[in-house]
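Enquirer: model the following, please.
(one chain, ligands or ions: 2)
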Amino acid sequence: MPIAAPRPETWMRKTSAGLYCEPGDFYIDPSRPIPRAVITHGHGDHARPGNGHVLATAQTIAIMRARYNENAGGALQPLRYDETLTVGGVQVRLAPAGHVLGSAQIVLDYRGSRVVVSGDYKRRPDPTCAPFEPQNCDLFITEATFGLPVFRHPPDDQEIDKFLHSLTLFPERCHLVGVSALGKCQRVLALLRRSGYEEPVYLHGGLIALTELYENLGVALGPVIPATGVMREALNGRIVLAPPGALADVWSRRLPDPLVALASGWMRVRQRAKASGVELPLVISDHADWDELTATLGDVAADEIWITHGREEALVHYATKRGYRARALALTGFEEDE
Ligand SMILES: [Zn+2]
Ligand SMILES: [Zn+2]
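Expert: Ligands and ions are numbered 1, 2, ... in the order given. I've put the predicted structure just below:
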């Protein structure tokens, strides 16, 4: 008689440091330094410094090295997508998550039971990273940053066209776009290039290292120039990318008549755009919107859904109504990011 597979909650659990795989004795995206970590992607709230041993894609490790230098971790072990490593009887595999370069879902198999930890993800194509690959599983542990039906992101090209149209309407104004340093900056560059924009794009100093890293890892982003030190007049009608925090600070005051844009899923909320002084909101998100989240639940065909962070209640409600066992984990330490 076949032995029944162990139920996922007997070997995966939530702890104060984050998700813990008991037989493998490792944590996923731990919120504080621990001996063994598996990291989904390079954003600072998922990839923290100071862990003893880190398992992640080579790109995520390169991003952690760029950010943390020698504090990136005691030992850094790269794992290719679809390569399998056995840790304490648990088979560990990484599958593309489509979120940022190197982002991975963690696929864990233990005695016939499969758990997939999505990390942050999106389903729409992104020219800067490998697309999300749905994995069938028994338990799917998902994020829910935009887990409300009101969040439906428009097509990226529509947002980029809107932006390039503004550049033709206001050819003298410097177009300043707020982008996060990891992922959004490079994706906006790639989307601009795909839409035929070939001029150099000017970058705030805080965006240069990771943009160079993407280039070095084989993601072509076209000509970029550090904005610092460039004559004010030379930025007339140019595109400048900067971290969102720099949009309102003294740094941006030297730009000629800047038209402020911000690329974020949160720009779907008009009040947010207004409150942050954004003239041109661009709804470009590196997280799944409501339709992508709910479609993914169907695609992975899990019986059970755990929701780690974001707007958990609506997705729990949706999943429960459709017959899944669903629960909100309310993991702490994750930011809304973007
Ligand atoms: Zn992220
Ligand atoms: Zn996150």
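
Enquirer: pLDDT at the spatially most central residue of the chain, what is it?
Expert: For the chain, the residue nearest the mean C-alpha position is H99 (4.1 Å; CA atoms, centre = their mean). According to the prediction, H99 has pLDDT 98.

Enquirer: what do you get for A288?
Expert: So A288 comes in at 98 (pLDDT).

Enquirer: how about the secondary structure of the spatially closest residue to it that is not a sequence neighbour?
Expert: In space, A288 comes closest to K122 once its chain neighbours are excluded; the distance is 4.9 Å by CB to CB, 6 or more residues apart in numbering. Glycine gets a C-beta too; all of them are placed from N, C-alpha and C. At K122 the chain is in coil, as set by DSSP: H, G, I helix; E, B strand; the rest coil.

Enquirer: tell me the contacts of K122?
Expert: Contacts for K122 (CB atoms under 8 Å, 6 or more residues apart in numbering) come out as G98, H99, F132, S285, D286, H287, A288, E292.

Enquirer: one more: L182?
Expert: Shown in contact with L182 (CB under 8 Å, 6+ apart): G42, H43, I63, V100, L210.

Enquirer: how near is it to ligand 1?
Expert: 8 Å (CB to the ion, to the nearest Å).

Enquirer: with Y68 instead?
Expert: The gap separating Y68 from ligand 1 is 16 Å, by CB to the ion.

Enquirer: going forward can the numbers begin at 17, since that is how I track them
Expert: Understood, numbering begins at 17; the last thing we discussed is Y84.

Enquirer: residues in contact with that residue?
Expert: Y84 makes contact with P65 under the criterion CB under 8 Å, 6+ apart.

Enquirer: shouldn't it be within a strand?
Expert: No: under three-state DSSP, Y84 sits outside any strand and is assigned helix.

Enquirer: from G58, how far out is it?
Expert: Going from Y84 to G58 by CB to CB, to the nearest Å gives 10 Å.

Enquirer: so for S47, what's the nearest residue that isn't a sequence neighbour?
Expert: Using CB to CB, 6+ apart, the nearest residue to S47 is G349, at 3.6 Å.

Enquirer: show the pLDDT at the one you found.
Expert: The model reports G349 with a pLDDT of 82.

Enquirer: and it, helix, strand or coil?
Expert: Of the three states, G349 takes coil according to three-state DSSP.

Enquirer: which strand or helix spans G66?
Expert: According to DSSP states H and E, G66 maps onto no helix or strand at all.

Enquirer: now it. Nearest residue, chain neighbours left out?
Expert: Counting by CB to CB, 6+ apart, the residue nearest G66 is P49, at 3.7 Å.

Enquirer: pretty sure the one you found sits against H69.
Expert: No: using CB atoms under 8 Å, P49 is not in contact with H69; the gap is 11.1 Å.

Enquirer: didn't the residue nearest to the centre of the chain look like it was pressed against G281?
Expert: No: look at H115 against G281 with CB under 8 Å: they stay out of range, at 12.0 Å.

Enquirer: which residues are common contacts for those two?
Expert: With CB under 8 Å, 6+ apart, H115 and G281 have common neighbours D302, H303.

Enquirer: coming back round to it: farthest pair in the contacts of L198?
Expert: With CB to CB as the measure, no two of those lie farther apart than H59 and L226, at 11.1 Å.

Enquirer: so which of these two has more stuff around it?
Expert: Legend: neighbour count by other CB atoms under 10 Å for H59 and L226, higher for H59 (26 against 22).

Enquirer: so when I look at that one, I'm seeing a helix, right?
Expert: No: counting by three-state DSSP, H59 falls outside a helix, being coil.

Enquirer: rewinding a little: dump the contacts of L198 into TSV; add distance to ligand 1 as well.
Expert: Listed next are the contacts of L198 as TSV, based on distance: CB to the ion, whole Å:
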residue	distance to ligand 1
G58	8
H59	4
I79	11
V116	6
L226	13
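
Enquirer: contact partners for the one residue in the stretch 217-354 of the chain that gets nearest to ligand 2?
Expert: When distances are taken as CB to the ion, the stretch 217-354 of the chain reaches nearest to ligand 2 at F350, 4.7 Å away. Residues in contact with F350 (CB under 8 Å, 6+ apart) are D61, H62, E159, T324, H325, G326.

Enquirer: before we move on, back to that, out of the contacts of K138, which are inside helices?
Expert: Per DSSP state H, helices hold the following members of those: E308.

Enquirer: having no further points to raise, I will conclude here.
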